[in-house]
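Q: Pasting the sequence and the predicted coordinates here, then a few questions.
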Amino acid sequence: MSDPILIVGAGPVGLTMAAALTRHGVKCRLIDKVSAPSDKSKALAVWCRTLELLDSLGLAETFVANGQKLSGGSMYAGNQRVVHLDLTSDESPYGFPLMIPQNETERLLTEHLGRQGVRVERQIELVSFVESPDALTCTLRHADGREETIRTPWLVGCDGAHSTVRHTLGMEFTGHAEPNDWMLADVHIEGRLAKDEVSIFWQPAGVVAFFPITQDRFRMIADLGAATEGAPKAEVTLADAQAMVDARGPGGLTLSQPIWLANFRINERKVSSYRRGRVMLAGDAAHIHSPAGGQGMNTGMQDAFNLAWKLALIERGLGQAEPLLESYSIERSAVGDIVLANAERFTTLATLRSPAAQWLRNHIAPILGSMPLVQDKIRNDWFELSINYRSSPLSVNHWPLLRGGLHAGDRICDAPLTSAEDGQRTTLFSAIRGPGHRLLLLSGEYDPKSVADLVRIAEEAAQAFGDAIAAHLILNLPALPVDPELKMPVWLDQEGKLHQKLHATEPTLLLIRPDGYIGLRSQPADSGAFTDFLGKYLL
């Protein structure tokens, strides 16, 4: 049995990393140098793509039960609403933003790990590590000063913006600090303020935004103008926050019972590569950016889901290390670049100081914000449904020209299905839930010979790759008796929605990665293309 993978940092990203590895049957050790988890709310939003991935751990409904759903967002110029965004979607079973304080996210993940027999080892600090061809030797320091030397096959740095792992590697954290200082207040607010929406007020003096946390608790953030380099920052008081809300908010709001008051400055920084040898970075250790859009924690958690299945294949002796781990850096670094750029654009838009620029923003925003295509773009970006790995070396299309559908590298869509065996209604996401790869074989227009060919592909996949691949036959039919000899589940696409979304007009093959993205799509279904593709990274 291999030594456990060492994860440094027990924030949301490290906890997610440990949970995802454990789900794949891989042992890990999770350490953190601080004595207790943070009691601060910090990151608030959990977006629907993250909830979909948490569902694979059996945690999505637990998160929803402990958070607050939002339905929209409004932007005001002065006190006049100029943009309203509908923040709901039927493209996901979790088509809404969920507001839940980061300390609650950490609590739920920690409790989940405890049920799996994994505990966070606190007051243990990574002092140093040395890499050899087949492992890393790490020195850990305990609270009493005792040092421990361990071996680990892989080291994952989830230890935040001041990452010891990143500093030890000497990796440059390229970027800059945004020019403004900001105020944050987590407080109770009484008054006329939407409790199921984000409310953003653009004022000539600056922006103030309100994010619901519970029914009467909000986060307020406001920019304070140009930062004063080197000047000590005075502690924020409730009176300071009240004065800011009085000056820039809608009026009539009373703040009380402060839970967290702080000043902060935004940094936009990122490493060029998320991997060096046997060491990987994830979350704030690899990328930090503006909180605009609430993408930071979600991006880090999705780093963990991306990396976990790849490390699991390697540790189980089923995957090739180099192509899998190189793809982690390629895929997630590209996502980090997009998130950084989007957050910076949104922050710049909100903090315009020029009266002419503010006038232009306030008059153009209502026009663009009323367009369905613009609303869809903003919603899909915020929900992180638009994230894709189309440029990844692990994304391959064998597809006729001029035929649409989702591309290799896209998140697989959901759709209703019916079990051919017992007639039970379900969805694709529920049908294929599990830790491994899923091979979807869609019939197109039903033809017994074509279906027999698809069954043969499934049998060849089982022979070649064993339980690393689970095949599903999906027929574009209202009903069909099931052959009891078939060794895979058979589903009926009775409404034809899945075939339509995937443009499966003839026998079609899609390989779905463990993180829910399409690795290969082939039309017509080609067993040779499937075998060649998996040969890129499976053993």
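A: Sure, I can see it. Numbers count the residues shown, from 1 in each chain.

Q: Which helix runs longest in this structure?
A: Longest helix in the chain by number of residues, with DSSP state H as the criterion: helix 321-350.

Q: could you point out which element follows that helix?
A: Using DSSP states H and E, the helix or strand that follows helix 321-350 in sequence is helix 355-369.

Q: For Gly58, which non-adjacent residue is closest in space?
A: The spatially closest residue to Gly58, leaving aside those adjacent along the chain, is His112, at 8.0 Å (C-beta to C-beta, 6 or more residues apart in numbering). In short, each C-beta sits where N, CA and C put it, glycine included.

Q: ok, that neighbour to Ala20 distance?
A: 11 Å (C-beta to C-beta, to the nearest Å).

Q: Overlap in contacts, these two.
A: Both His112 and Ala20 are in contact with Leu57, where contact means C-beta atoms under 8 Å, 6 or more residues apart in numbering.

Q: Compare neighbour counts for these two and give me the winner.
A: Ala20 (27 against 21; other C-beta atoms under 10 Å).

Q: before we move on, back to that, can you tell me the helix or strand for the residue nearest to Gly58?
A: Here His112, judged by DSSP H and E, is contained in helix 102-115.

Q: Direction included, what does the following helix or strand past that helix pair against?
A: Next in sequence after helix 102-115, counting helices and strands by DSSP H and E, comes strand 120-122. Sheet partners assigned to strand 120-122 using DSSP bridges are listed as strand 28-32 (parallel).

Q: from the chain's centre, how far out does the one helix or strand Ala312 maps to sit?
A: In this structure, Ala312 is located in helix 296-315 according to DSSP H and E. Helix 296-315 sits 9 Å away from the centroid of its parent chain (C-alpha atoms, centre = their mean, to the nearest Å).

Q: could you give the angle of it to helix 321-350?
A: Angle, helix 296-315 to helix 321-350, by axes from the mean of the first three to the mean of the last three C-alpha atoms, to 10 degrees: 180 degrees.

Q: which other helices and strands contact helix 296-315?
A: Judged by 3 or more C-beta pairs under 8 Å, 6 or more residues apart in numbering; DSSP states H and E, the packing partners of helix 296-315 are helix 12-23, strand 45-46, helix 48-55, strand 287-288, helix 321-350.

Q: Tell me who's in contact with Ala461.
A: By C-beta under 8 Å, 6+ apart, the neighbours of Ala461 are 439, 469, 471, 527, 530.

Q: wait, Lys69
A: Applying C-beta under 8 Å, 6+ apart to Lys69 gives the contacts 96-99, 196.

Q: and if you look at Val279?
A: Applying C-beta under 8 Å, 6+ apart to Val279 gives the contacts 129, 131, 136, 154-157, 165, 169.

Q: Counting neighbours, which of those residues end up buried?
A: Listed as buried from the contacts of Val279 are 129, 136, 154-157, 165, 169; burial here means 16 or more other C-beta atoms under 10 Å.

Q: returning to that earlier point: closest to Ile387 among the contacts of Val279?
A: Val156 (20.5 Å; C-beta to C-beta).

Q: looking at it, Glu190 is touching Gln242, isn't it?
A: No - at 11.6 Å, Glu190 does not count as touching Gln242 under the criterion of C-beta atoms under 8 Å.

Q: Quick check: the gap between the residue nearest to Ile124 when sequence neighbours are not counted and Gly300.
A: Leaving aside its chain neighbours, Ile124 sits nearest to Ile31 (4.3 Å; criterion: C-beta to C-beta, 6+ apart). Ile31 sits 17 Å away from Gly300, going by C-beta to C-beta.

Q: Of these two, give the one with the bigger neighbour count.
A: Gly300 (28 against 22).

Q: Burial check on the nearest residue to the more buried one once chain neighbours are set aside, number of neighbours?
A: In this structure, Gly300 finds its nearest non-sequential neighbour in Gly283, 2.9 Å apart by C-beta to C-beta, 6+ apart. Neighbourhood size, Gly283 [other C-beta under 10 Å]: 29.

Q: hmm, back to that, can I get the contacts of Lys69 in a markdown table including secondary structure, neighbour count and pLDDT?
A: Shown next, in a markdown table, are these (DSSP: H, G, I helix; E, B strand; the rest coil; neighbours: other C-beta atoms under 10 Å; pLDDT from 0 to 100):
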| residue | secondary structure | neighbour count | pLDDT |
| --- | --- | --- | --- |
| Phe96 | coil | 21 | 96 |
| Pro97 | coil | 29 | 96 |
| Leu98 | strand | 22 | 97 |
| Met99 | strand | 23 | 96 |
| Asp196 | coil | 15 | 94 |
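
Q: Enumerate the positions of stretch 525-539 that are buried.
A: So for stretch 525-539, counting by 16+ other C-beta under 10 Å, buried means 525-527, 529-530, 533-534, 537-538.

Q: quick check: mean pLDDT across it?
A: Here stretch 525-539 scores 93 as its mean pLDDT.

Q: Make residue 1 into 551 and carry on from there
A: Done: numbering now begins at 551, and the last item shifts to stretch 1075-1089.

Q: hmm, back to that, now for Glu740 and Gln792: what residues contact both?
A: Counting by C-beta under 8 Å, 6+ apart, the residues touching both Glu740 and Gln792 are Thr804.

Q: Compare those two (neighbour count), which wins?
A: Neighbour totals were compared for Glu740 and Gln792, and Gln792 leads with 20 against 11 (other C-beta under 10 Å).

Q: what helix or strand is His726 on?
A: Judged by DSSP H and E, His726 forms part of strand 724-740.

Q: Run me through the strand neighbours of that strand, direction for each.
A: Strand 724-740 is paired, per DSSP bridges, with strand 767-776 (antiparallel), strand 804-820 (antiparallel).

Q: can you redo the ones you listed as JSON lines with mean neighbour count?
A: Putting the strands paired with strand 724-740 into JSON lines (neighbours: other C-beta atoms under 10 Å) gives the following:
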{"stretch": "strand 767-776", "mean neighbour count": "20"}
{"stretch": "strand 804-820", "mean neighbour count": "16"}
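
Q: Which among those is found nearest to Gly919?
A: strand 767-776 (21.0 Å).

Q: what distance separates stretch 888-901 from the centre of its chain?
A: Averaging C-alpha positions (C-alpha atoms, centre = their mean) puts stretch 888-901 18 Å from its chain's average.

Q: what comes up buried for it?
A: In stretch 888-901, counting by 16+ other C-beta under 10 Å, buried: 889-890, 892-894, 896-897, 900-901.
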